[in-house]
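In: coordinates only, sequence not included:
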């Protein structure tokens, strides 16, 4: 998986899976454009890459706004000349609330970031790749895009939608040298999971963590680096005939047909 002379664009690159993937690309030779709504976190990723001898830059952006997405794409091309790999990763968890009580504004926000943001990313990156005649896109979905999860209507709906967009985009551009796939992580050791654990049971988030881990055949959460590994593979020359599909990284949980136990306050 050599990305020398390649350009990788990563949204949500300020932390967790996005940061691990940004570093993974950079350490394998890619020039990396990090995009995040949080300027401090995004620049911190760039600083880590630079300290490790890599090449990287940062653009602050709101992935829900067409003009902001167009800008991060244009800045990437202006600085590095092309986009070979696009990790369409920015996302938020929203609230854990039963659907009958779910706030409409929160629902709209989650859909805007997780689904519209993915659409807009492909909307503006694909013309660049079509002009090149090559490129690989990986969208971040989730096991929540394959199953339901109580109290998470917006997140689950958005991730089901990401898988749908992935299939449509792949069908649109497969004959033109561009591949579009998705990753479906299960629980990962990130800020997002800390938030969800605390929402499930504010009095015992550690207990929620333990319960989730106990429902995973491997007995643990994935690391951000393990998700990054799947993204790098899908963007590499090892996966040149892989498109329109998704890779599940969940320690075998979905393979058992079960869902990790839910603990409530």
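Out: Cool, got the structure. Keep in mind that what you see is a predicted model, and the values were worked out from it rather than measured.
In: Which stretches in this protein count as strands?
Out: Taking DSSP state E, the strands of the chain run over residues 7-11, 31-36, 55-60, 85-88, 135-140, 178-185, 246-249.
In: quick one: contacts for the residue most central in space within the chain?
Out: By CA atoms, centre = their mean, the chain has its centre lying nearest to residue 89, at 2.6 Å. With contact set as CB atoms under 8 Å, 6 or more residues apart in numbering, residue 89 has these partners: 10, 11, 12, 13, 17, 18, 21, 138, 139, 140. C-betas here are computed from N, CA, C, even on glycine.
In: Looking at those, which two lie furthest apart in space?
Out: 13 and 139 (14.6 Å; CB to CB).
In: These two: which has the busier surroundings?
Out: The residue with more neighbours, out of residue 13 and residue 139, is residue 13; 34 against 27, by other CB atoms under 10 Å.
In: Please give me every residue in contact with that one.
Out: Counting by CB under 8 Å, 6+ apart, residue 13 touches 19, 21, 22, 32, 34, 35, 36, 42, 45, 58, 87, 89.
In: want to throw those into TSV with distance to residue 175 and pLDDT?
Out: Converted to TSV, the contacts of residue 13 look like this (distance: CB to CB, whole Å; pLDDT from 0 to 100):
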residue	distance to residue 175	pLDDT
19	34	98
21	27	98
22	30	98
32	29	98
34	31	98
35	28	98
36	33	98
42	35	98
45	35	98
58	34	98
87	23	98
89	26	98
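In: of those residues, closest to residue 148?
Out: Of all those, residue 148 sits closest to residue 89, with 22.6 Å by CB to CB.
In: Tell me the spacing between the closest one and residue 36.
Out: 10 Å (CB to CB, to the nearest Å).
In: so what sits against both of those two?
Out: With CB under 8 Å, 6+ apart as the test, residue 89 and residue 36 both reach 11, 12, 13, 18.
In: Next up, phi/psi of the second one, please.
Out: If I follow you right, that is residue 12. When read as degrees, to the nearest 10, the backbone of residue 12 gives phi 60, psi 30.
In: How about it, nearest residue that isn't a chain neighbour?
Out: residue 90 (3.5 Å; CB to CB, 6 or more residues apart in numbering).
In: tell me the contacts of residue 90?
Out: Here residue 90 is in contact with 11, 12, 18, 35, 36, 37, 63, 113, 114, 117, 140 (CB under 8 Å, 6+ apart).
In: Out of those residues, grab the one that's most surrounded.
Out: residue 35 (32 neighbours).
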